[in-house]
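Participant: sequence and predicted structure below; questions after.
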Amino acid sequence: MAAAAAGKNKNSVNKVHLLRQAVEANPDSAVAHMKLGTALLLNGAAGPGEQSLRRAVELDPELDKAWVNLGGILLARWDFEGCLEINKQVIERNPGLLQAHYNIGLCHLYLHQAEEMVASFRKVMEIDPDHAGGQYHIAVGLLELGDTAGAHAALDRSAALGHSPAPEFLKALEKKEAGETPGPKDEKSR
């Protein structure tokens with residue numbers, strides 16, 4: 001296993017090296033800067049990744065994927081307002097860019113804005129009906145809104161799509177379900 005990890009790390013380093021060479025060969029290429037920034041981000045180098053992504057959007061202000069990745073860095077730094085602003089601008093230009101809606105949904109999650117969160121992840125599901133993470137986050141938002149039946153249904157759908165829920169979420173769902181008062185139908189069945 002260690003050999004596989006070392007091989008993967010070597011491939012990542014080689015890829016970053018090649019992408020740096022591409023930037024050096026064409027320093028005015030927004031796409032080259034975006035690819036380098038994304039690779040750096042994926043390799044845990046958020047600072048240099050952010051610099052490359054900022055250079056990419058400076059060179060091409062309409063390079064939506066670079067903006068979305070930059071928004072992801074802001075999200076990771078807990079700059080939710082910055083992430084929201086960037087991703088909302090991207091959606092104005094490209095409403096079908098799934099990752100922008102996903103980033104917005106995560107911002108609303110951390111800002112405890114459940115209605116907005118659910119709306120964002122529903123948009124993710126419109127774009128990709130098989131997006132397991134989007135479906136799971138709908139369950140999280142619905143639970144926060146008190147819709148345990150909806151949360152359970154969304155959770156089941158996300159599990160069918162291959163998502164493994166956080167144990168904390170399952171515990172919270174169980175507590176909410178156990179604490180629900182019986183509805184009129186349940187009263188009659190007693």
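Facilitator: Okay, I see it.
Participant: quick one: average pLDDT of stretch 37-48?
Facilitator: In this model, stretch 37-48 has an average pLDDT of 88.
Participant: show me what counts as buried in that stretch.
Facilitator: For stretch 37-48, the neighbour count (16 or more other C-beta atoms under 10 Å) marks 37-41, 46 as buried. Every C-beta, even on glycine, is put in place using the N, C-alpha and C of the backbone.
Participant: and of those residues, the nearest to residue 94?
Facilitator: residue 38 (16.9 Å; C-beta to C-beta).
Participant: roughly how far does the closest one sit from residue 82?
Facilitator: Residue 38 sits 18 Å away from residue 82, going by C-beta to C-beta, to the nearest Å.
Participant: ok, residue 112 next?
Facilitator: Counting by C-beta to C-beta, the gap from residue 112 to residue 82 is 18 Å.
Participant: between these two, which is the more surrounded one?
Facilitator: residue 82 (16 against 9; other C-beta atoms under 10 Å).
Participant: which phi and psi does that one have?
Facilitator: Main-chain torsions, residue 82, degrees, to the nearest 10: phi -60, psi -40.
Participant: name the helix or strand for the residue lying closest to it once chain neighbours are set aside, please.
Facilitator: Nearest residue to residue 82, sequence neighbours excluded (C-beta to C-beta, 6 or more residues apart in numbering): residue 74, at 4.2 Å. Per DSSP states H and E, residue 74 falls inside helix 64-76.
Participant: who's in contact with residue 118?
Facilitator: For residue 118, the contact set (C-beta atoms under 8 Å, 6 or more residues apart in numbering) comprises 138, 141-142, 145.
Participant: emit the PyMOL select command for whichever of these are buried.
Facilitator: The PyMOL command for the buried members of the contacts of residue 118 (criterion: 16+ other C-beta under 10 Å) is given here:
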select buried, resi 138+141+142
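Participant: now, which of the contacts of residue 118 lie within helices?
Facilitator: 138, 141-142 (DSSP state H).
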